[in-house]
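Enquirer: could you work out the structure for the sequence below:
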Amino acid sequence: PLREFLAKKPFFCAPVSSAVMSSFFWTDSMSLTGAIPTQLGSLTGFTGQFYVGINNISSTIPTELGNFENILHDFSLARLKLTGTLPTQLGRMSELTSAFRMYSNKISAMIPTQIGNLVKVNS
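Expert: Reported below is the predicted structural model:
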């Protein structure tokens, strides 16, 4: 199976197939625009690092990203232009042991209590 995706200039309009990627999804500083596709939530077997940071993405956070229930390391949507609220579904990532990053966005409202399920996160 595909274990890593490190894009030089990706675009988010390509279909994402189900759990074929398991260790690394990184689109840092790629000048991406638009919305985070809900199809990324179909990577239900994803366990590695998910990093979509430092881009010009301006959308809400898809609730489907809560399907990353088995993610272990580094979930980051930092330094984007995300709006809206944190989906309660993100609290299902209870196996996450390292960084949950959401800083430098335009997220409003209170942090949902379900985020408290991320008790294994150490940074």
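Enquirer: for residue 97, give me the pLDDT.
Expert: At residue 97, the model reports a pLDDT of 93.
Enquirer: and if you look at residue 45?
Expert: The predicted local distance difference test score for residue 45 is 78.
Enquirer: same question, residue 8
Expert: Note on residue 8: pLDDT of 47.
Enquirer: residue 72 now?
Expert: 90.
Enquirer: now it: closest residue in space that isn't a chain neighbour?
Expert: Spatial nearest neighbour of residue 72, chain neighbours left out: residue 47 (5.2 Å); criterion: CB to CB, 6 or more residues apart in numbering. Quick note: C-beta positions are derived from backbone N, CA and C, even for glycine.
Enquirer: quick one: secondary structure of the one you found?
Expert: Assigned with DSSP: H, G, I helix; E, B strand; the rest coil, residue 47 falls in the coil class.
Enquirer: and for residue 71?
Expert: Secondary structure state of residue 71, per three-state DSSP, is coil.
Enquirer: how many residues are close by it?
Expert: For residue 71, the count of nearby residues is 25 (other CB atoms under 10 Å).
Enquirer: which ones are touching residue 77?
Expert: 36, 52-53, 61, 101-102, 105 (CB atoms under 8 Å, 6 or more residues apart in numbering).
Enquirer: what about it, distance to residue 54?
Expert: 11 Å (CB to CB, to the nearest Å).
Enquirer: wait, residue 59 touches residue 32, no?
Expert: No: the pair residue 59 / residue 32 is not scored as a contact, 10.9 Å apart, by CB atoms under 8 Å.
Enquirer: so for those two, which residue has more residues nearby?
Expert: Taking neighbours as other CB under 10 Å, residue 59 and residue 32 compare with residue 32 leading, 20 against 15.
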